[in-house]
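A.B. asks: Below are the sequence and a predicted model for it; my questions follow.
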Amino acid sequence: MFSLRRPSRADLARIVAQQDGRELSYREHGATGGVMPTGYRHDQWETDLGAFDAAAFERLAVALMNWQAQVGAGLTIYPPDEVRPGLTFALCFRAAGLYVTAAGRVVYLISEPDRRGFAYGTLPHHPEQGEEAFQLIRDGMRMLFRVTSFSRPRHPLARLGAPVSRTIQTRTNRAYLTAMRDAASRVSGADEPSP
C-alpha cells in the first residue's frame, strides 16, 4: 500500500488480480446511495459545473464514467476501463513522499435522466475502509458534481497518521471537484477561442 517507488502497470495489474476475488472491506455496501452508516466519517463535497446543457451533461457523464475526476486529480487508475458494475481496480497517487496504492470495486452505477455516476467500495488492499460515490446531477437549470463518502482508517499507518490521512482525503476531494470543473469548461466550449 505504501512505497518509496512508483508502482508499475505490472504492479497495479498484480494488485487487481490479487484483489479481484476478495470481499469488500466493510459491510455497508451501497450505503452512499441511502442512509450513511455510523462509525465512519461522513463527507459530502459539491461544486457547480455551470448552466445545464443536455449535450454538455452527456459529455460530462461519459468523462465521469471514464475516471475523469480521478485522473484529473492526479491519480493513476488500472485498468483504465470504463466504469462498470463489479469492476475491480487499483489506484495510485503520491502523498507525504510515498506512493500509495489502493484497490476498490465499483458497487453500483447511477443512470437516471438527471443523475449519472457510480460508487466504489474499498477492498483489503486499501488503507481506508468505506465507500465513495461520484455523481453528476441536474439541479434545475444547473449542473452539479457531488462526492459523497463514508470512511475510516483501516491500515495501521493510516490510523497512526489519521490527521495526515484526513489532509490527503480533503486535498484529493478538492482535486476531484477541480478536475470536473475543468472538464465542464472543456465540454461547454469555454476553452475555445472566440470567433
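C.D. replies: Noted; the coordinates are in hand. On a predicted model such as this, the values are computed, not experimentally measured, just so you know.

A.B. asks: The helix or strand hosting Asp48: which residues count as buried?
C.D. replies: Using DSSP states H and E, Asp48 sits within strand 41-51. Buried positions in strand 41-51, judged by neighbour count with 16 or more other Cβ atoms under 10 Å: Asp43, Trp45, Thr47, Leu49, Gly50. Any C-beta I mention is one placed from the backbone N, CA and C, and that applies to glycine too.

A.B. asks: how about those in TSV, adding distance to Phe150?
C.D. replies: As requested, the buried residues of strand 41-51 are exported to TSV (distance: Cβ to Cβ, whole Å):
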residue	distance to Phe150
Asp43	8
Trp45	13
Thr47	20
Leu49	24
Gly50	29
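
A.B. asks: What separation do you get for Gly86 and Thr148?
C.D. replies: Noted for Gly86: a distance of 20 Å to Thr148, by Cβ to Cβ, to the nearest Å.

A.B. asks: quick one, which of the two is more surrounded?
C.D. replies: Neighbour tally, Gly86 and Thr148, criterion other Cβ atoms under 10 Å: the higher count belongs to Thr148, 20 against 9.

A.B. asks: Spatially central residue for the protein, please.
C.D. replies: Gln70 (5.6 Å; Cα atoms, centre = their mean).

A.B. asks: Contacts only, for the nearest residue to it once chain neighbours are set aside.
C.D. replies: Spatial nearest neighbour of Gln70, excluding adjacent residues (Cβ to Cβ, 6 or more residues apart in numbering): Ile77 at 5.6 Å. Each residue near Ile77 by Cβ atoms under 8 Å, 6 or more residues apart in numbering is listed here: Trp67, Gln70, Val71, Phe89, Ala90, Leu91.

A.B. asks: The residues you listed: which two are farthest apart?
C.D. replies: Val71 and Ala90 (13.6 Å; Cβ to Cβ).

A.B. asks: Compare the two (neighbour count), which wins?
C.D. replies: Set Val71 next to Ala90 and count neighbours by other Cβ under 10 Å: Ala90 wins out with 26 against 15.

A.B. asks: What's opposite the more buried one in the beta bridge?
C.D. replies: Per DSSP bridges, the residues bridged to Ala90 are Tyr78, Ala103.

A.B. asks: And the pLDDT at it?
C.D. replies: We have a pLDDT of 97 for Ala90.

A.B. asks: Check whether it really touches Arg105, as I assumed.
C.D. replies: No - using Cβ atoms under 8 Å, Ala90 is not in contact with Arg105, being 10.7 Å away.
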